[in-house]
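Participant: Let me see the structure of the following:
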Amino acid sequence: MTAMTDTSRPFLNRRLTEFGTTIFAEMSALALRTGSINLGQGFPDTDGPEEVREAAVRALRDGRGNQYPPGPGIPELRTAVAAHQQRRYGLTYDPDTEVLVTAGATEAIAAALLALVEPGDEVIALEPYYDSYAACIALAGGTRVPVTLRPHFGESASFRLDLDELRDAVTDRTRLLLINTPHNPTGTVLTRAELAAIAELAVERDLLVVTDEVYEHLVFDDAEHAPLATFPGMRERTVTIGSAGKTFSFTGWKVGWITSAPDLVAAVRSAKQFLTYVASGPFQYAVAEALRLPDSYFADFRADMLAKRDLLAGGLERAGFKVFRPAGTYFITTDIRPLGESDGFTFCRALPERCGVVAIPNAVFYDHREQGVPFVRFAFCKRTGVLEEAASRLKTLAA
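Facilitator: Here you go, the predicted structure:
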(Lines give C-alpha, C1' and ligand atoms only; values in the text may rest on other atoms or scores of the structure.)
Protein backbone atom coordinates (compact mmCIF):
# COMPACT_ATOMS: atom_id res chain seq x y z
CA MET A 1 0.00 0.00 0.00
CA THR A 2 1.40 3.40 -0.98
CA ALA A 3 2.32 5.56 2.01
CA MET A 4 0.46 8.79 2.53
CA THR A 5 2.29 12.07 1.99
CA ASP A 6 4.14 13.17 5.11
CA THR A 7 1.68 15.59 6.70
CA SER A 8 4.33 17.02 9.00
CA ARG A 9 5.22 19.26 6.09
CA PRO A 10 2.55 21.88 5.26
CA PHE A 11 0.74 21.34 1.97
CA LEU A 12 0.92 25.01 1.00
CA ASN A 13 4.40 26.02 -0.16
CA ARG A 14 6.20 28.53 2.02
CA ARG A 15 6.06 31.29 -0.57
CA LEU A 16 2.30 31.49 -0.03
CA THR A 17 1.96 30.69 3.66
CA GLU A 18 1.34 34.33 4.57
CA PHE A 19 -1.62 34.46 2.17
CA GLY A 20 -4.76 32.82 3.53
CA THR A 21 -8.36 33.37 2.49
CA THR A 22 -8.71 36.87 1.11
CA ILE A 23 -10.51 39.52 3.09
CA PHE A 24 -12.90 39.87 0.13
CA ALA A 25 -14.15 36.31 0.57
CA GLU A 26 -14.58 36.83 4.32
CA MET A 27 -16.47 40.10 3.99
CA SER A 28 -18.63 38.94 1.07
CA ALA A 29 -19.67 35.89 3.12
CA LEU A 30 -20.48 38.24 6.00
CA ALA A 31 -22.60 40.36 3.66
CA LEU A 32 -24.60 37.30 2.58
CA ARG A 33 -25.06 36.05 6.14
CA THR A 34 -26.30 39.41 7.43
CA GLY A 35 -28.15 40.59 4.32
CA SER A 36 -25.94 43.66 4.21
CA ILE A 37 -25.17 46.00 1.33
CA ASN A 38 -21.77 44.91 0.04
CA LEU A 39 -19.60 47.96 -0.62
CA GLY A 40 -16.47 45.88 -0.05
CA GLN A 41 -15.59 44.10 -3.26
CA GLY A 42 -15.09 46.27 -6.32
CA PHE A 43 -17.51 45.02 -8.94
CA PRO A 44 -20.54 46.81 -10.41
CA ASP A 45 -24.07 45.61 -9.70
CA THR A 46 -25.22 46.40 -13.25
CA ASP A 47 -23.91 45.25 -16.61
CA GLY A 48 -22.11 47.45 -19.09
CA PRO A 49 -23.30 48.69 -22.49
CA GLU A 50 -25.99 46.59 -24.15
CA GLU A 51 -24.25 46.77 -27.54
CA VAL A 52 -21.11 45.25 -26.03
CA ARG A 53 -23.06 42.42 -24.41
CA GLU A 54 -24.81 41.76 -27.73
CA ALA A 55 -21.42 41.65 -29.45
CA ALA A 56 -20.48 38.78 -27.14
CA VAL A 57 -23.73 36.97 -27.90
CA ARG A 58 -23.15 37.46 -31.62
CA ALA A 59 -19.65 36.05 -31.35
CA LEU A 60 -20.97 32.99 -29.51
CA ARG A 61 -23.65 32.38 -32.12
CA ASP A 62 -21.26 32.91 -35.01
CA GLY A 63 -18.79 30.41 -33.53
CA ARG A 64 -16.06 33.00 -33.03
CA GLY A 65 -13.91 32.22 -30.03
CA ASN A 66 -15.78 29.10 -28.92
CA GLN A 67 -12.58 27.16 -29.47
CA TYR A 68 -9.06 28.19 -28.45
CA PRO A 69 -8.30 31.71 -29.70
CA PRO A 70 -4.73 32.59 -30.72
CA GLY A 71 -2.29 32.61 -27.80
CA PRO A 72 -1.49 36.35 -27.99
CA GLY A 73 -5.20 37.20 -28.33
CA ILE A 74 -7.44 37.60 -31.35
CA PRO A 75 -6.09 40.05 -33.97
CA GLU A 76 -9.23 42.21 -33.74
CA LEU A 77 -8.71 42.89 -30.04
CA ARG A 78 -4.96 43.46 -30.32
CA THR A 79 -5.63 45.96 -33.09
CA ALA A 80 -8.33 47.67 -31.01
CA VAL A 81 -6.00 47.94 -27.99
CA ALA A 82 -3.26 49.48 -30.14
CA ALA A 83 -5.75 51.93 -31.66
CA HIS A 84 -7.00 52.89 -28.20
CA GLN A 85 -3.47 53.64 -26.97
CA GLN A 86 -2.80 55.74 -30.07
CA ARG A 87 -6.07 57.66 -29.93
CA ARG A 88 -6.02 58.36 -26.19
CA TYR A 89 -2.33 58.85 -25.50
CA GLY A 90 -0.41 59.08 -28.77
CA LEU A 91 1.37 55.77 -28.04
CA THR A 92 2.01 53.63 -31.10
CA TYR A 93 2.15 49.85 -30.66
CA ASP A 94 2.41 47.05 -33.21
CA PRO A 95 -0.64 44.79 -32.63
CA ASP A 96 1.36 41.73 -33.68
CA THR A 97 4.43 42.14 -31.47
CA GLU A 98 3.62 44.73 -28.80
CA VAL A 99 0.16 43.74 -27.51
CA LEU A 100 -0.75 40.64 -25.47
CA VAL A 101 -4.25 39.71 -24.31
CA THR A 102 -4.53 38.18 -20.82
CA ALA A 103 -7.17 36.65 -18.53
CA GLY A 104 -7.85 39.95 -16.85
CA ALA A 105 -5.35 42.34 -15.32
CA THR A 106 -4.60 39.92 -12.49
CA GLU A 107 -3.09 37.41 -14.90
CA ALA A 108 -1.22 40.22 -16.63
CA ILE A 109 0.38 41.17 -13.29
CA ALA A 110 1.21 37.53 -12.49
CA ALA A 111 2.68 36.79 -15.91
CA ALA A 112 4.74 39.99 -15.94
CA LEU A 113 6.25 39.33 -12.52
CA LEU A 114 6.87 35.62 -13.18
CA ALA A 115 8.58 36.52 -16.44
CA LEU A 116 10.68 39.47 -15.33
CA VAL A 117 11.65 38.72 -11.72
CA GLU A 118 14.33 36.27 -10.58
CA PRO A 119 14.44 34.87 -7.03
CA GLY A 120 16.03 37.49 -4.79
CA ASP A 121 15.19 40.45 -7.05
CA GLU A 122 13.59 43.35 -5.21
CA VAL A 123 10.26 44.71 -6.45
CA ILE A 124 9.17 48.12 -5.20
CA ALA A 125 5.39 48.59 -4.93
CA LEU A 126 3.32 51.53 -3.74
CA GLU A 127 1.71 50.63 -0.43
CA PRO A 128 -1.21 50.06 0.18
CA TYR A 129 -1.55 47.74 -2.80
CA TYR A 130 -3.96 45.38 -4.48
CA ASP A 131 -3.52 42.08 -2.66
CA SER A 132 -2.46 40.03 -5.69
CA TYR A 133 0.72 42.13 -6.03
CA ALA A 134 2.24 40.64 -2.88
CA ALA A 135 1.22 37.09 -3.82
CA CYS A 136 2.60 37.37 -7.36
CA ILE A 137 5.91 38.81 -6.15
CA ALA A 138 6.13 35.87 -3.74
CA LEU A 139 5.34 33.35 -6.48
CA ALA A 140 8.15 34.82 -8.58
CA GLY A 141 10.56 34.49 -5.64
CA GLY A 142 11.05 38.24 -5.47
CA THR A 143 11.38 40.42 -2.40
CA ARG A 144 8.73 43.10 -2.10
CA VAL A 145 9.79 46.51 -0.92
CA PRO A 146 6.83 48.73 -0.01
CA VAL A 147 6.93 52.50 -0.41
CA THR A 148 4.00 53.91 1.52
CA LEU A 149 1.60 56.54 0.20
CA ARG A 150 1.17 58.88 3.17
CA PRO A 151 -2.13 60.48 4.19
CA HIS A 152 -2.21 64.26 3.90
CA PHE A 153 -5.03 65.85 5.87
CA GLY A 154 -6.75 69.12 5.17
CA GLU A 155 -9.72 70.39 3.23
CA SER A 156 -8.89 68.06 0.33
CA ALA A 157 -7.39 65.05 2.11
CA SER A 158 -5.39 62.66 -0.06
CA PHE A 159 -2.61 60.09 -0.05
CA ARG A 160 0.67 61.18 -1.67
CA LEU A 161 3.92 59.58 -2.76
CA ASP A 162 7.17 60.65 -1.08
CA LEU A 163 9.60 60.71 -4.00
CA ASP A 164 12.63 60.81 -1.71
CA GLU A 165 11.40 57.68 0.03
CA LEU A 166 10.97 55.99 -3.35
CA ARG A 167 14.48 56.91 -4.43
CA ASP A 168 15.95 55.71 -1.13
CA ALA A 169 14.18 52.35 -1.53
CA VAL A 170 16.12 51.51 -4.71
CA THR A 171 19.15 49.28 -4.14
CA ASP A 172 21.51 47.29 -6.34
CA ARG A 173 19.04 44.39 -6.04
CA THR A 174 16.05 46.36 -7.31
CA ARG A 175 14.77 44.89 -10.57
CA LEU A 176 11.36 46.42 -11.05
CA LEU A 177 8.94 49.16 -9.97
CA LEU A 178 5.29 48.12 -9.73
CA ILE A 179 3.23 51.29 -10.11
CA ASN A 180 -0.55 51.63 -9.89
CA THR A 181 -2.27 54.82 -11.03
CA PRO A 182 -5.12 55.61 -10.62
CA HIS A 183 -4.39 53.90 -7.33
CA ASN A 184 -6.47 51.26 -5.58
CA PRO A 185 -7.36 51.57 -2.70
CA THR A 186 -6.48 55.23 -2.00
CA GLY A 187 -7.91 56.82 -5.16
CA THR A 188 -4.67 58.75 -5.73
CA VAL A 189 -3.81 59.72 -9.30
CA LEU A 190 -0.10 60.36 -9.69
CA THR A 191 0.65 63.78 -11.15
CA ARG A 192 2.79 64.43 -14.21
CA ALA A 193 5.56 65.74 -11.95
CA GLU A 194 5.48 62.56 -9.84
CA LEU A 195 5.45 60.35 -12.93
CA ALA A 196 8.33 62.30 -14.47
CA ALA A 197 10.38 61.74 -11.32
CA ILE A 198 9.58 58.01 -11.39
CA ALA A 199 10.61 57.88 -15.04
CA GLU A 200 13.90 59.66 -14.35
CA LEU A 201 14.64 57.23 -11.52
CA ALA A 202 13.85 54.20 -13.68
CA VAL A 203 16.11 55.40 -16.47
CA GLU A 204 18.90 56.41 -14.11
CA ARG A 205 18.91 53.04 -12.29
CA ASP A 206 18.00 50.96 -15.37
CA LEU A 207 14.82 49.56 -13.84
CA LEU A 208 11.91 47.80 -15.46
CA VAL A 209 8.45 49.17 -14.66
CA VAL A 210 5.07 47.43 -14.61
CA THR A 211 2.18 49.91 -14.49
CA ASP A 212 -1.33 48.84 -13.53
CA GLU A 213 -3.57 51.38 -15.26
CA VAL A 214 -6.90 49.53 -15.17
CA TYR A 215 -8.74 52.60 -13.82
CA GLU A 216 -7.39 54.85 -16.58
CA HIS A 217 -10.88 56.04 -17.58
CA LEU A 218 -11.99 56.80 -14.02
CA VAL A 219 -10.31 60.10 -13.12
CA PHE A 220 -12.22 62.99 -11.60
CA ASP A 221 -12.11 66.72 -11.00
CA ASP A 222 -8.76 68.17 -12.18
CA ALA A 223 -6.90 64.85 -12.21
CA GLU A 224 -5.37 63.55 -15.43
CA HIS A 225 -4.25 60.04 -16.26
CA ALA A 226 -0.87 60.08 -18.01
CA PRO A 227 0.58 56.65 -18.92
CA LEU A 228 4.13 56.24 -17.67
CA ALA A 229 5.11 54.88 -21.08
CA THR A 230 4.62 58.38 -22.55
CA PHE A 231 7.57 59.80 -20.56
CA PRO A 232 11.11 59.98 -22.00
CA GLY A 233 12.97 56.68 -21.92
CA MET A 234 9.98 54.72 -20.62
CA ARG A 235 8.31 53.07 -23.59
CA GLU A 236 11.07 50.49 -23.96
CA ARG A 237 11.16 49.58 -20.24
CA THR A 238 7.46 49.79 -19.25
CA VAL A 239 4.85 47.03 -19.30
CA THR A 240 1.46 48.76 -19.26
CA ILE A 241 -1.57 46.80 -18.04
CA GLY A 242 -5.16 47.56 -19.06
CA SER A 243 -8.49 45.88 -18.46
CA ALA A 244 -11.98 45.77 -19.92
CA GLY A 245 -13.63 44.85 -16.63
CA LYS A 246 -13.25 48.23 -14.94
CA THR A 247 -13.99 50.36 -17.99
CA PHE A 248 -16.97 48.47 -19.42
CA SER A 249 -18.43 46.87 -16.26
CA PHE A 250 -18.03 43.27 -17.37
CA THR A 251 -15.65 42.10 -14.66
CA GLY A 252 -16.65 38.44 -15.07
CA TRP A 253 -15.37 38.31 -18.63
CA LYS A 254 -11.74 38.55 -17.47
CA VAL A 255 -10.25 40.33 -20.46
CA GLY A 256 -7.06 42.29 -19.89
CA TRP A 257 -3.97 43.17 -21.90
CA ILE A 258 -0.43 44.45 -21.81
CA THR A 259 1.32 46.80 -24.19
CA SER A 260 5.10 47.06 -24.28
CA ALA A 261 8.23 46.69 -26.40
CA PRO A 262 8.52 43.41 -28.38
CA ASP A 263 11.14 41.78 -26.13
CA LEU A 264 9.14 42.50 -22.99
CA VAL A 265 5.89 41.26 -24.53
CA ALA A 266 7.64 38.08 -25.66
CA ALA A 267 8.96 37.51 -22.14
CA VAL A 268 5.54 37.99 -20.53
CA ARG A 269 3.93 35.77 -23.18
CA SER A 270 6.38 33.00 -22.28
CA ALA A 271 5.03 32.99 -18.72
CA LYS A 272 1.40 33.63 -19.66
CA GLN A 273 1.22 30.58 -21.97
CA PHE A 274 1.73 28.30 -18.95
CA LEU A 275 -0.92 30.04 -16.84
CA THR A 276 -4.20 30.11 -18.81
CA TYR A 277 -2.67 29.83 -22.31
CA VAL A 278 -5.85 31.48 -23.63
CA ALA A 279 -9.14 32.69 -22.16
CA SER A 280 -12.40 34.52 -22.83
CA GLY A 281 -12.55 33.78 -26.59
CA PRO A 282 -15.98 35.22 -27.51
CA PHE A 283 -15.58 38.09 -25.04
CA GLN A 284 -12.41 39.21 -26.78
CA TYR A 285 -14.47 40.02 -29.88
CA ALA A 286 -16.92 42.00 -27.77
CA VAL A 287 -14.18 43.98 -26.03
CA ALA A 288 -12.66 44.81 -29.42
CA GLU A 289 -15.95 46.52 -30.26
CA ALA A 290 -16.14 48.15 -26.82
CA LEU A 291 -12.77 49.83 -27.26
CA ARG A 292 -14.11 51.47 -30.41
CA LEU A 293 -17.04 53.11 -28.62
CA PRO A 294 -17.20 56.89 -29.11
CA ASP A 295 -15.57 59.26 -26.65
CA SER A 296 -19.05 60.11 -25.34
CA TYR A 297 -19.27 56.66 -23.74
CA PHE A 298 -16.12 57.23 -21.68
CA ALA A 299 -17.24 60.75 -20.71
CA ASP A 300 -20.69 59.53 -19.63
CA PHE A 301 -19.16 56.61 -17.70
CA ARG A 302 -16.86 58.97 -15.83
CA ALA A 303 -19.67 61.45 -15.11
CA ASP A 304 -21.89 58.68 -13.73
CA MET A 305 -19.14 57.43 -11.41
CA LEU A 306 -18.34 60.99 -10.31
CA ALA A 307 -21.96 61.50 -9.25
CA LYS A 308 -21.87 58.21 -7.34
CA ARG A 309 -18.59 59.17 -5.70
CA ASP A 310 -20.06 62.42 -4.44
CA LEU A 311 -23.24 60.71 -3.28
CA LEU A 312 -21.42 58.13 -1.16
CA ALA A 313 -18.71 60.54 0.00
CA GLY A 314 -21.35 62.93 1.27
CA GLY A 315 -23.12 60.12 3.09
CA LEU A 316 -19.89 58.98 4.71
CA GLU A 317 -19.05 62.52 5.82
CA ARG A 318 -22.50 62.94 7.38
CA ALA A 319 -22.00 59.61 9.19
CA GLY A 320 -18.85 61.03 10.79
CA PHE A 321 -16.01 59.54 8.72
CA LYS A 322 -13.03 61.57 7.54
CA VAL A 323 -13.27 61.04 3.79
CA PHE A 324 -10.38 60.95 1.32
CA ARG A 325 -12.39 61.92 -1.76
CA PRO A 326 -10.67 59.97 -4.57
CA ALA A 327 -9.23 61.57 -7.69
CA GLY A 328 -9.63 58.23 -9.48
CA THR A 329 -10.93 54.61 -9.29
CA TYR A 330 -14.30 53.71 -7.77
CA PHE A 331 -13.14 53.36 -4.17
CA ILE A 332 -13.30 55.77 -1.23
CA THR A 333 -10.86 55.48 1.67
CA THR A 334 -12.09 56.78 5.00
CA ASP A 335 -10.54 57.39 8.42
CA ILE A 336 -12.62 55.89 11.25
CA ARG A 337 -10.92 57.73 14.10
CA PRO A 338 -13.42 60.64 14.12
CA LEU A 339 -16.02 57.98 15.01
CA GLY A 340 -14.03 57.02 18.09
CA GLU A 341 -12.77 53.86 16.38
CA SER A 342 -9.16 52.82 15.88
CA ASP A 343 -9.06 49.31 14.35
CA GLY A 344 -10.38 48.84 10.83
CA PHE A 345 -10.63 45.05 11.17
CA THR A 346 -12.80 45.24 14.27
CA PHE A 347 -14.86 48.05 12.78
CA CYS A 348 -15.53 46.24 9.47
CA ARG A 349 -16.44 42.95 11.14
CA ALA A 350 -18.96 44.74 13.35
CA LEU A 351 -20.35 47.13 10.72
CA PRO A 352 -22.79 44.66 9.08
CA GLU A 353 -24.55 44.03 12.38
CA ARG A 354 -24.49 47.72 13.31
CA CYS A 355 -25.56 49.24 9.99
CA GLY A 356 -26.12 46.51 7.40
CA VAL A 357 -23.17 47.67 5.28
CA VAL A 358 -19.93 45.86 4.39
CA ALA A 359 -16.56 47.60 3.82
CA ILE A 360 -12.92 46.49 3.65
CA PRO A 361 -10.20 47.30 6.21
CA ASN A 362 -7.31 48.92 4.36
CA ALA A 363 -4.70 47.30 6.61
CA VAL A 364 -4.92 44.14 4.46
CA PHE A 365 -3.28 46.12 1.66
CA TYR A 366 -0.21 47.03 3.77
CA ASP A 367 3.01 45.31 4.78
CA HIS A 368 3.27 47.99 7.46
CA ARG A 369 -0.13 47.12 8.90
CA GLU A 370 0.01 49.83 11.53
CA GLN A 371 -0.02 52.43 8.74
CA GLY A 372 -3.39 51.22 7.47
CA VAL A 373 -5.19 50.25 10.69
CA PRO A 374 -7.50 53.31 10.96
CA PHE A 375 -8.55 53.32 7.31
CA VAL A 376 -11.54 51.59 5.68
CA ARG A 377 -12.46 51.33 1.99
CA PHE A 378 -15.91 51.56 0.40
CA ALA A 379 -16.76 50.87 -3.28
CA PHE A 380 -19.19 53.19 -5.06
CA CYS A 381 -19.59 51.25 -8.34
CA LYS A 382 -23.18 50.39 -7.39
CA ARG A 383 -26.65 51.53 -8.39
CA THR A 384 -27.64 54.96 -7.12
CA GLY A 385 -30.48 53.54 -5.03
CA VAL A 386 -28.11 51.10 -3.34
CA LEU A 387 -25.68 53.89 -2.46
CA GLU A 388 -28.53 56.05 -1.12
CA GLU A 389 -29.69 53.19 1.10
CA ALA A 390 -26.14 52.53 2.30
CA ALA A 391 -25.69 56.21 3.17
CA SER A 392 -28.99 56.15 5.05
CA ARG A 393 -27.94 53.10 7.07
CA LEU A 394 -24.53 54.57 7.89
CA LYS A 395 -26.16 57.69 9.37
CA THR A 396 -26.79 55.71 12.55
CA LEU A 397 -23.04 55.88 13.25
CA ALA A 398 -23.25 59.64 13.71
CA ALA A 399 -25.91 59.17 16.38
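
Participant: roughly how far apart are Thr106 and Leu113?
Facilitator: 11 Å (C-beta to C-beta, to the nearest Å). C-beta: built from backbone N, CA, C; applies to glycine.

Participant: What of Gly104?
Facilitator: Using C-beta to C-beta, Gly104 is found at 15 Å from Leu113.

Participant: Run through the residues that contact the residue lying closest to Phe375 once chain neighbours are set aside.
Facilitator: Using C-beta to C-beta, 6 or more residues apart in numbering and skipping residues adjacent in sequence, the residue nearest Phe375 is Asn362, 3.8 Å away. Taking C-beta atoms under 8 Å, 6 or more residues apart in numbering, we find Asn362 in contact with 128, 185, 333, 344, 372, 375-377.

Participant: Return the subset of the residues you listed lying in helices.
Facilitator: Among the contacts of Asn362, the members found in helices (DSSP state H) are 344, 372.

Participant: Save the contacts of Asn362 as a markdown table, and put in distance to Arg160, neighbour count and pLDDT too.
Facilitator: Below are the contacts of Asn362 laid out as a markdown table (distance: C-beta to C-beta, whole Å; neighbours: other C-beta atoms under 10 Å; pLDDT from 0 to 100):
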| residue | distance to Arg160 | neighbour count | pLDDT |
| --- | --- | --- | --- |
| Pro128 | 13 | 29 | 97 |
| Pro185 | 15 | 29 | 96 |
| Thr333 | 13 | 30 | 98 |
| Gly344 | 20 | 24 | 97 |
| Gly372 | 15 | 24 | 96 |
| Phe375 | 15 | 25 | 98 |
| Val376 | 19 | 28 | 98 |
| Arg377 | 18 | 28 | 97 |
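
Participant: of all the contacts of Asn362, which comes closest to Thr148?
Facilitator: Pro128 (7.8 Å; C-beta to C-beta).

Participant: Next, give phi and psi for the closest one.
Facilitator: phi -70, psi 150 (degrees, to the nearest 10).

Participant: dump the residue contacts of it.
Facilitator: By C-beta under 8 Å, 6+ apart, Pro128 lies in contact with 148-149, 185-186, 362, 365-366, 371-372.

Participant: Name whatever forms a beta bridge with Cys122.
Facilitator: Not Cys; residue 122 is Glu. Thr143, Thr174 (DSSP bridges).

Participant: My read is that it contacts Leu177, right?
Facilitator: No - if you go by C-beta atoms under 8 Å, Glu122 and Leu177 don't touch, sitting 10.0 Å apart.

Participant: what about the two, which has more around it?
Facilitator: Leu177 (27 against 18; other C-beta atoms under 10 Å).

Participant: Good, wrapping up.
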